[in-house]
Structures are given as structure tokens and as C-alpha cells.
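[1] Structure of the sequence below:
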Amino acid sequence: MKYSLVISLIILHSVVSAQFVQYASVDNLIAPRIALTPDNHIIFLAEEREYEANASPIFGGDPYAHFLVKTDLQGNVIWSNKYLSEWKSYPYKLFPQEDGTLMSIGKVANTFECLGINDPFGIPQIELLYFNADGSFNRRVQFPENCQQQYRDVVKREDHFVLLSWYKHIVTNENEAYLSLIHNDGYVIEEVVLEDEPFFRAKMILNDDGTLSVYYAENETKIYHSLFDEHLQKVKDELILDLGTFSSYGSQLEVIHAKNGDHIIYSSFYQDGIRQVNFLRISDGDIVAQERHLGVYARHMVELTDESFVLAYTDYDVDTTWTMGLLYLDQEGKKIKDSLVIHEGHQRPSKMIATENNEFVITGDYNCCNRDTLIGSANAFLWFNEGTHTNALNAQLEAAYHIYPNPSEDFIFIKGRDLNLKSRCMVYDVFGRQVLAVPLYNHENRINISNLPAGYYRLQISENNRLVHSSSMIKH
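    Numbering: from 1, shown residues only. Model (predicted):
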């Protein structure tokens with residue numbers, strides 16, 4: 001029954017072709033961030049974390065260094081650097097500059113420079129990191145003086161940033177949020193204190209007229225919109241969505257500034273044990289489209305060049321791994337296609353960037369969240385999509401092959417149109433390693449897989465060095 005369920009999932013979910021780049025030479029890389037540079041390269045920043053026995057890799061252990069990489073759009077490394085950071089330093093957003101330098105904004109739980117208290121959990125503080133054009137570390141800036149503000153979100157505005165930070169007073173139980181104007185060099189230009197603001201879950205969008213929109217969730221089921229003028233003074237605060245009262249667990253809220261100026265909001269949470277994501281399109285303050293998708297817990301979303309969307313999510317139901325899935329949506333949030341990427345296994349997507357021709361890149365960590373052990377060595381990855389989800393020719397090629405049986409034991413058969421001398425079948429294990437490569441000559445080919453261990457595999461077919469088919473396979 002278990003294998004039958006998995007096969008059903010494979011049939012119902014489409015398969016996407018892509019290039020998977022795993023940074024296996026550096027152990028324990030988690031929570032990577034990603035950005036596109038002005039010269040069309042990729043900047044990739046991940047935490048390097050030590051694990052402790054019987055501790056969750058998500059919360060246990062201490063990050064002690066970071067791994068910074070610049071690659072081209074095919075994943076070829078241009079340079080890489082490792083830099084030591086303060087204890088529990090978490091860069092959240094990357095800002096590549098025109099001159100090739102880089103700055104990041106995040107938080108640090110600093111036990112030595114903040115209040116002089118040796119707190120084992122650290123005191124949160126905003127941190128800006130500056131890097132040279134070759135990836136070497138330049139300097140760091142930390143603020144504020146009270147050392148209790150936690151990062152929430154940041155947007156770029158001309159030669160400075162608008163930073164949203166927040167903390168709750170432990171004694172009075174009151175919320176306090178801050179909107180800070182930060183110069184590109186790291187000093188605070190202006191700061192606005194917003195008392196009793198529930199901006200714990202909040203994301204910002206800088207509007208074309210210079211105003212600032214802050215979307216926030218007071219709880220998992222209600223989403224609000226606050227509008228601030230160019231001087232960061234609040235001019236509007238309204239409830240835009242109320243999903244009602246129900247038992248929920250966990251939530252994630254993200255906002256995208258769509259190409260036509262609309263705001264795309266997606267929130268993900270559990271409702272009575274069911275994962276779901278809600279898609280909203282806001283135009284001139286009004287909801288013009290709303291869709292809900294079940295069985296999906298969102299990680300990140302981008303808008304593609306054709307103004308459709310792709311959402312990277314985490315699927316927990318395939319075997320015992322955390323598996324990456326891709327949900328393609330149209331402009332109104334309706335599903336175009338749903339694809340599982342199960343051949344690497346234990347992968348947790350983190351961030352995405354869109355490039356050209358409906359192509360996009362996903363970064364995440366691999367083997368970080370094995371549900372069986374919750375410990376072990378993690379590696380970061382970059383996943384390059386080839387932008388083929390609307391390509392009718394590739395869809396035709398994909399349907400041209402019949403691969404059976406699945407599951408199989410000793411042999412699989414690949415049946416399709418006549419294949420040329422440059423046609424090949426490649427099989428990869430759950431770690432992305434190629435375990436089999438055989439040429440395909442005939443209309444029907446028999447491939448011996450008896451020497452492969454039982455488990456999940458990814459099968460790919462190429463013609464003239466072009467990938468034309470990718471699917472999952474189970475070996476008994």
C-alpha cells in the first residue's frame with residue numbers, strides 16, 4: 001500500500017528538469033540566502049553550523065561561520081569565501097551593489113557587546129555585514145543601543161534602506177515596532193517608534209509613489225495592511241482577510257510586488273492538521289483574486305517573466321523525507337502544474353530568484369531535516385530550473401516514453417520512438433549521485449537494475465546531450 005501511494009503521487013505530479021548543484025565539500029550548511037547581482041550572477045550565503053547530539057539542526061547547535069559563494073547562472077563557482085561571525089549571527093537579506101560589493105542585513109544574538117550580559121540565548125541586535133567584490137569580509141555595523149530589536153524585513157529606497165524591527169517588552173507585555181531609515185553606509189538617518197504594533201509577522205513593499213505598505217498577521221488567520229507615507233507616518237490600517245477561527249499551527253507570510261504593480265500575498269499554515277497556502281492578489285487596496293491550495297506549506301514564491309508564479313514548498317508525505325515541491329500558479333493563483341522534486345530527498349527550499357525566460361533558481365539545505373533522526377550533516381544546494389514548464393515541445397517529448405514496471409526489481413523497460421546513437425538513460429540515487437548510465441538504441445530497451453539497492457531513484461533520458469525526460473523510479 002505504501003508503494004502504491006507513492007506511485008500515485010508520481011503520476012499525479014508533473015516532473016521538471018533542472019540542474020542540481022550541491023555544495024558537498026562544506027558540511028553543515030543550512031538556511032542559505034540568495035540574490036541576483038547587477039551583472040547577472042548569483043550570490044549565495046549560508047550558515048555553517050555545528051550539530052550537537054540529540055539536538056534539532058533547526059534550533060540546536062551554534063552557527064560559527066558563514067559560507068559566501070558567487071556563481072554564474074549555471075552554478076559554476078566564480079569565488080567562494082568563509083568568514084567567521086559573531087555567535088548566532090543570522091544574515092537575512094542580501095543586497096549586491098553595482099560595484100560588485102555586497103551587504104547583508106539581519107540579526108545577531110550577541111552575548112559580548114550587548115548589555116555585557118552572558119546570556120546563553122543571546123540578546124537580539126540588528127546587524128549589517130559588508131563584503132568586498134571578491135567576497136572577502138570588510139566590516140560590520142550593529143545597532144541599536146538597547147540591543148533588543150529583532151529584524152522583521154527591509155526594503156531598498158534610493159541610497160538607503162527602510163528597516164522594520166520589533167520586540168515585545170517582557171515586563172509590560174506591550175509590542176513595540178520600529179521603522180528605521182538606514183544609510184547605505186550603515187548609520188541610522190531617522191527612526192520612527194510604533195507603540196503597541198503587532199508586527200511580529202510582517203513584510204513590506206515599497207510602492208511606486210514612495211509610500212510603504214506593511215502587511216502583517218496578528219495571528220495565523222487574519223492579515224492586515226498598514227500604509228505609511230514617504231515620511232513613515234501611518235495613514236491607513238485595515239483588515240484585508242479574516243479566515244475565521246480554527247485550530248492552526250505555524251504560519252508564514254510573504255509579499256511580492258507584481259510586475260503590474262499589484263501586491264501578491266501568500267500565507268501558509270496548518271488548519272486542523274492540513275497544510276495549506278492562501279494566495280491573494282491586491283490591486284489598489286482591493287482583493288481581486290484569492291485561491292487556497294491544500295497539502296502545501298510554502299517556503300518562497302517568485303513571479304516569472306510571463307507573469308505567472310512558482311511556489312517552492314515542502315512536502316512531508318513522500319516516504320520519511322522533507323521533499324521539495326513546485327507549485328506553478330497563474331496570475332489569479334489557480335494551479336497550472338504541481339511538481340515534486342524527490343530524487344535528492346531531505347531537501348528544504350529556502351529562497352528563490354527569477355532570472356529570464358521563465359527560468360528560476362532555488363536555494364535550500366539538503367539532508368538538514370531528516371524526520372527520522374533530526375541530526376546529521378547538512379549541505380546547501382542551488383537548483384537551476386530550465387524554464388520549460390510552458391514548452392509544448394518538451395511536454396511532447398516527455399510523453400513519448402513509456403517506462404515500466406514501477407516499482408521494479410531486476411529490469412526496467414524504456415519504450416518509445418526510435419532513439420539515435422546519442423540517446424542515454426541516467427539513473428541517480430537520493431543523494432544526486434549517478435549510479436547507472438546506459439546507451440539507448442532501440443524502440444524498446446531493457447535495463448538491468450538488479451545491482452541497485454532498494455530505494456528511490458531519478459531516471460533521466462537525454463537526446464543529443466539534451467534532457468528530454470525525467471521521472472521517479474522505485475527499486476524493490
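[2] Buried ones in stretch 291-311, by neighbour count?
    Residues of stretch 291-311 classed as buried by neighbour count (16 or more other CB atoms under 10 Å): 291, 293, 296-304, 308-311. C-betas here are computed from N, CA, C, even on glycine.
[3] got it, and stretch 223-234?
    Quick answer for stretch 223-234 (16+ other CB under 10 Å): 223, 224, 225, 226, 227, 228, 232.
[4] which of those lies closest to residue 134?
    Taking CB to CB as the measure, residue 134 lies nearest residue 232 of the buried residues of stretch 223-234, at 36.0 Å.
[5] Contact partners for that closest one?
    Neighbour list for residue 232: 162, 179, 181, 190, 192, 212 [criterion: CB atoms under 8 Å, 6 or more residues apart in numbering].
[6] at 10 Å instead, please
    By CB atoms under 10 Å, 6 or more residues apart in numbering, residue 232 lies in contact with 162, 179, 180, 181, 190, 191, 192, 194, 211, 212.
[7] What of residue 452?
    Listed by CB under 10 Å, 6+ apart, the contact set of residue 452 reads 408, 410, 427, 429, 435, 436, 473, 475.
[8] returning to what we had before: can I get the contacts of residue 232 in a markdown table including pLDDT, distance to residue 383 and neighbour count?
    As requested, these are exported to a markdown table (pLDDT from 0 to 100; distance: CB to CB, whole Å; neighbours: other CB atoms under 10 Å):
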| residue | pLDDT | distance to residue 383 | neighbour count |
| --- | --- | --- | --- |
| 162 | 95 | 31 | 21 |
| 179 | 93 | 35 | 22 |
| 180 | 91 | 34 | 22 |
| 181 | 93 | 36 | 17 |
| 190 | 89 | 40 | 12 |
| 191 | 89 | 39 | 16 |
| 192 | 90 | 39 | 15 |
| 194 | 87 | 38 | 18 |
| 211 | 94 | 36 | 16 |
| 212 | 96 | 32 | 20 |
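[9] And the furthest pair within those?
    The span of these, defined through CB to CB, is set by 191 and 211 at 18.4 Å.
[10] how about the strands in the stretch 1-150 of the chain?
    Counting by DSSP state E, counting those that start in this stretch, the stretch 1-150 of the chain has strands at residues 18-22, 29-36, 42-49, 63-71, 77-84, 89-96, 102-110, 123-131, 137-143, 150-157.
[11] ranking these by burial, who's on top?
    Highest mean neighbour count of the strands of the stretch 1-150 of the chain: strand 42-49, a mean of 25 (counted as mean count of other CB atoms under 10 Å).
[12] From the chain's centroid, how far away is that one?
    Offset of strand 42-49 from its chain centre (CA atoms, centre = their mean, to the nearest Å): 13 Å.
[13] if we can go back for a sec, ok, so of the contacts of residue 232, who is nearest residue 141?
    Comparing the contacts of residue 232 against residue 141 with CB to CB places residue 180 closest, at 12.4 Å.
[14] wait, what's in contact with that closest one?
    126, 143-144, 149, 154, 160-165, 188-193, 232.
[15] repeat that with 8 Å
    By CB under 8 Å, 6+ apart, residue 180 lies in contact with 162, 163, 165, 188, 190, 191, 192.
[16] farthest pair in the residues you listed?
    Top of the distance list for the contacts of residue 180 (CB to CB): 165 and 190, 13.8 Å.
[17] can you list the weak-confidence ranges in the stretch 1-150 of the chain?
    Along the stretch 1-150 of the chain, segments meeting pLDDT under 70 span 1-20, 23-27, 49-64, 86-87, 110-123, 144-147.
[18] 80 instead, please
    For the stretch 1-150 of the chain, the stretches with pLDDT under 80 are 1-31, 48-65, 84-89, 108-124, 143-149.
[19] Equivalent analysis for the stretch 351-476 of the chain, please.
    Scanning the stretch 351-476 of the chain with the threshold set as pLDDT under 80 gives 366-379, 386-402, 416-422, 428-433, 441-443, 456, 458, 460, 462-472.
[20] how about the strands in it?
    Using DSSP E, counting those that start in this stretch, strands in the stretch 351-476 of the chain cover 360-366, 379-385, 401-404, 411-416, 424-428, 434-439, 444-448, 455-463, 466-475.
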